[in-house]
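Q: Okay, predicted coordinates and the sequence, questions at the end:
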Amino acid sequence: MSAYKIAHRSSLEHPQDFWAQAAAGIDWDTKWDRVLDATHAPFYRWFTGGRLNTCYNAIDRHVEGGRADQAAIIYDSPMTDSQRTISYRELRDETALFAGVLAANGIGKGDRVIIYMPMVPEAIVAIMACARIGAVHSVVFGGFAANELATRIDDAQPKAIVSASCGLEPTRIISYKPLLDQAIKLSAHKPESCIILQRPEENAELIAGRDIDWRDAVAAARPHDCVMVDATDPLYILYTSGTTGEPKGIVRDNGGHEVALHWSMRNIYGVDPGEVYWAASDIGWIVGHSYIVYAPLLHGNTTVLFEGKPVGTPDAGAFWRVAAEHRVACMFTAPTAFRAIKREDPEGLLAGEYDLSHLRSLFLAGERCDPDTLQWSAQKLKIPVIDHWWQTETGWAIASNCLGIEALPVKAGSVACAVPGWDVHVLDADGSDVSPGQVGAIACKLPLPPGTLPGLWQADDRYRKSYLEKFPGFYESGDAGYIDEDGYLYVMSRTDDIINVAGHRLSTGAIEEVLAAHADVAECAVMGAADSLKGQLPVGLLVLKAGVERNPEDVVADVIRMVRERIGPVAVFKKAVVVAGLPKTRSGKILRSTMRKIADSEEYRVPATIEDPLVLDEIREALRSIGYAG
Ligand code: COA
Ligand code: AMP
């Protein structure tokens, strides 16, 4: 039997032994009583009784263990034309001081702290400082609007918010502080303090009595030691799109998370401690949480924090420059980034200008990877390019080619096989396994391995309803796909209203809520239409209220502005059109998937239950007028 099959089988047959062995890679203050605690199934807990500290395992123990002078973070910012290397010792000292700042502001174990920051080293310091004192952080991505931040403030109820004066995009400065002030105005819950990092590019006005200058506070702070927490205590909440405008607060624990992420670095990514690892993502997303921040540091690697874009900062050679200059051994990004590079440098000539001899593998995730992009990347880089599948909920990969266990043959279009710890099934509507090659709902048998979501923040019922109810005994992933005869998984599409724009997860339901709030809109539908760069883009169809006499183009301009203001530029909502009616079944269900197929010029069957088939012709014409439907 192959090494992969042996590891996978042993992880499913003897999960407790498997993960207890992996847990030896982490330093424990108190050893666990139980590896897997099923007392409250289907709510499972890992390593109950164990006590430890995530910041200690990610930073301090490396300083004590001989890595004090090794780079922990390489910050590379073409946006500011600067670079900074931070050793593990420096990171420990900065983190301990910032933990002191938090403690001095009354923040302790279990208190929530929202982190709304751009890609600067201080963001990692803030994250680690929370972990150090047992506070629960919730990072909010900078591309979200004030309204989205407000929703998260109300759900997480943070005692403090850590932010910066601004973020930097290639063509503009994003003033974070006005967004933060607006969000606090909108939210019902008010944080006691806001700690603001002033960046040289823009100085934010501070509100006396509430806002604190990061540097002044650090200058006055005393270092704070690591506070031991239960393995099952929450480490962070990360909000992600659900099917409505209400985001889901995914919770991560301390113990299982440390064990799983530490294990993944060697076994999935095939890197050794001391090597340089680069995830070109943003700390606001799960990829950033797990593979810019936690996993590389837990494993004693050097992590690259890149404040730039794959193209335009300054050119499509930026990724090669960073990989070469910092001797990156393994890199990770979303396929969109490579599509952007390929579009600007189709022959990949810029890659030839750099010494990429240290780069051993490239991992892709966040959206479906089209075989063309995978093959192009593999040809240009001449290294294994690995598509792997995971979600905010799972925190690490469900299916991958595990290079540290055994490099399996790559099949373009597939995310390879279930990672050890994961029992992946493809089910039909009744919950029975389908045959190889047949498409169905992808579900994972419970219990999920360590590091995955123990639940949603203060929403047990929503957790149960969203993930556990449809297929009892399984976690419903929300993705559809199939497994081939060799056990390779193909993730094809979502089964719900979530779309994926440039590797960013968005809810069409949330966008529809914004459109429906327009005074002239009677009905609306949003779907994800195919896009050659970003994978998908949201497209809106609007039915106006009877008697509305405004120019339809003005209503379209209004809703585009509203989505940008309420959800944020990250939604990339730029296309909408007014139609006379939406196609519906006789029971009133809007036929979104039929409209999506029309937009993408795919074959479709007119559903037998459709109320008025002629509406489809009008939809086709309307979509054509905005560049879709052939
Ligand atoms: N703060 C504020 N605004 C942000 C932002 C941030 N952190 N990140 C993106 N935005 C804005 C962009 O400026 C853009 O605004 P615009 O409409 O005014 O131009 C908008 O949000 C859309 O951003 P994006 O979809 O990223 O498009 P882009 O055209 O700026 O860049 C790519 C295109 C392909 C270069 C970019 O999407 C990319 O690097 N993708 C990689 C995917 C990735 O990292 N995914 C994370 C999960 S692994
Ligand atoms: P997020 O929670 O933002 O990471 O988004 C997770 C979703 O992105 C998954 O449920 C999939 O729909 C999609 N996704 C992530 N990785 C892949 C992949 N490798 N192939 C196909 N879809 C993916």
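A: Nice, I can see it. Ligands and ions are numbered 1, 2, ... in the order given.
Q: Write out the residues of this structure neighbouring ligand 1.
A: Applying C-beta under 6 Å from any ligand atom, we find that the chain lies next to ligand 1 at 142-143, 167, 169, 174, 281-282, 285, 287, 309-311, 334, 336-337, 340, 366, 502-503, 534, 569-570, 572. Bear in mind the C-beta positions are built from the backbone N, C-alpha and C, glycine included.
Q: Just the buried subset of these, please.
A: Neighbour-count burial (16 or more other C-beta atoms under 10 Å) is assigned, among the residues of the chain next to ligand 1, to 142-143, 167, 169, 174, 281-282, 285, 287, 309-311, 334, 336-337, 340, 366, 502-503, 534, 569-570, 572.
Q: Now, these that are in helices?
A: Counting by DSSP state H, those place 287, 336-337, 340 in helices.
Q: Let me know the average pLDDT across the helix or strand containing residue 596.
A: Using DSSP states H and E, residue 596 falls within helix 592-599. Across helix 592-599, pLDDT averages out at 93.
Q: That helix packs against which elements?
A: Applying 3 or more C-beta pairs under 8 Å, 6 or more residues apart in numbering; DSSP states H and E, we find helix 592-599 packed against strand 521-531, helix 614-625.
Q: ok, and of the buried ones among the residues of the chain next to ligand 1, which contact ligand 2?
A: Of these, the ones that also sit near ligand 2 (C-beta under 6 Å from any ligand atom) are residue 366.
Q: Which of the buried ones among the residues of the chain next to ligand 1 fall within strands?
A: Counting by DSSP state E, the part of those found in strands is 167, 169, 174.
Q: Tell me the buried residues in the stretch of helix or strand residue 150 belongs to?
A: Using DSSP H and E, residue 150 maps to helix 146-156. For helix 146-156, a neighbour-count test (16+ other C-beta under 10 Å) marks 146-153, 155-156 as buried.
Q: for ligand 2, what are the nearby residues on the stretch 251-400 of the chain?
A: 286, 365-369, 387-392.
Q: With pLDDT as added columns, please give those residues in CSV.
A: As requested, these are exported to CSV (pLDDT from 0 to 100):
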residue, pLDDT
286, 98
365, 97
366, 95
367, 95
368, 93
369, 95
387, 98
388, 98
389, 98
390, 97
391, 98
392, 98
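Q: Let me have these in CSV, extended by distance to residue 404.
A: Shown next, in CSV, are these (distance: C-beta to C-beta, whole Å):
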residue, distance to residue 404
286, 21
365, 17
366, 21
367, 24
368, 25
369, 21
387, 17
388, 13
389, 18
390, 16
391, 22
392, 24
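Q: mind listing the strands for the stretch 401-550 of the chain?
A: With strands called from DSSP state E, counting those that start in this stretch, the stretch 401-550 of the chain shows them at 417-418, 424-427, 440-445, 474-483, 489-494, 498-501, 504-507, 521-531, 535-544.
Q: can you list these in a markdown table and add mean neighbour count and mean pLDDT?
A: Formatted as a markdown table, the strands of the stretch 401-550 of the chain follow (neighbours: other C-beta atoms under 10 Å; pLDDT from 0 to 100):
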| stretch | mean neighbour count | mean pLDDT |
| --- | --- | --- |
| strand 417-418 | 23 | 98 |
| strand 424-427 | 20 | 98 |
| strand 440-445 | 21 | 98 |
| strand 474-483 | 21 | 98 |
| strand 489-494 | 19 | 96 |
| strand 498-501 | 22 | 95 |
| strand 504-507 | 23 | 94 |
| strand 521-531 | 21 | 97 |
| strand 535-544 | 23 | 97 |
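Q: any chance of these in TSV, plus distance to residue 355?
A: TSV is the format used below for the strands of the stretch 401-550 of the chain (distance: least, C-beta to C-beta, whole Å):
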stretch	distance to residue 355
strand 417-418	33
strand 424-427	39
strand 440-445	40
strand 474-483	38
strand 489-494	34
strand 498-501	34
strand 504-507	32
strand 521-531	34
strand 535-544	31
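Q: Tell me which residues touch the closest residue to ligand 1 within the stretch 351-500 of the chain, please.
A: Nearest residue of the stretch 351-500 of the chain to ligand 1: residue 366, at 3.7 Å (C-beta to the nearest ligand atom). By C-beta atoms under 8 Å, 6 or more residues apart in numbering, the residues touching residue 366 are 281, 285, 287, 334-336, 500, 503-504.
Q: One more pass at 7 Å, please.
A: 287, 334, 503 (C-beta atoms under 7 Å, 6 or more residues apart in numbering).
Q: what's across from residue 577 in the sheet?
A: Beta-bridge partners recorded for residue 577 (DSSP bridges): residue 541.
Q: repeat for residue 139
A: Bridge pairing for residue 139 - DSSP bridges - gives residue 115.
Q: mind starting the numbering at 562 from now?
A: Sure thing, new numbering starts at 562, so read that last one as residue 700.
Q: What about it, how many residues nearby?
A: If you count neighbours by other C-beta atoms under 10 Å, residue 700 ends up with 28.
Q: Wait, it touches residue 679, no?
A: No: with contact defined as C-beta atoms under 7 Å, residue 700 does not count as touching residue 679 (11.2 Å).
Q: Check whether residue 794 really touches residue 815, as I assumed.
A: Yes: using C-beta under 7 Å, residue 794 is in contact with residue 815, at 5.5 Å.
Q: Between these two, tell me which one has more neighbours.
A: Neighbour count, other C-beta under 10 Å: between residue 794 and residue 815, residue 815 has more, with 27 against 17.
Q: Against ligand 1, how distant is that one?
A: 24 Å (C-beta to the nearest ligand atom, to the nearest Å).
Q: What about the closest residue to residue 564 other than its chain neighbours, how many residues nearby?
A: The shortest distance from residue 564 to any non-neighbouring residue, by C-beta to C-beta, 6 or more residues apart in numbering, is to residue 967 (4.1 Å). Residues lying near residue 967 (other C-beta under 10 Å) number 14.
Q: try residue 1186
A: Residues lying near residue 1186 (other C-beta under 10 Å) number 11.
Q: do the same with residue 907
A: Counted with other C-beta under 10 Å, residue 907 comes out at 10.
Q: My reading is that it is in a helix; is that accurate?
A: No: counting by DSSP: H, G, I helix; E, B strand; the rest coil, residue 907 is not part of a helix but coil.
Q: Backbone torsions only: list them for it.
A: Torsion angles at residue 907 (phi, psi; degrees, to the nearest 10) stand at phi -60, psi -30.
Q: same check, this time on residue 827
A: phi -80, psi -50.
Q: That one is in contact with residue 965, isn't it?
A: Yes: at 4.7 Å, residue 827 counts as touching residue 965 under the criterion of C-beta under 7 Å.
Q: so what's residue 1184 closest to, chain neighbours aside?
A: Leaving aside its chain neighbours, residue 1184 sits nearest to residue 1190 (4.0 Å; criterion: C-beta to C-beta, 6+ apart).
Q: err, residue 880, not the other one
A: Residue 880 sits nearest to residue 871 (C-beta to C-beta, 6+ apart), 5.6 Å away.
Q: need the ones in helices among the buried ones among the residues of the chain next to ligand 1 in TSV with pLDDT, can you?
A: TSV is the format used below for these (pLDDT from 0 to 100):
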residue	pLDDT
848	98
897	97
898	97
901	97
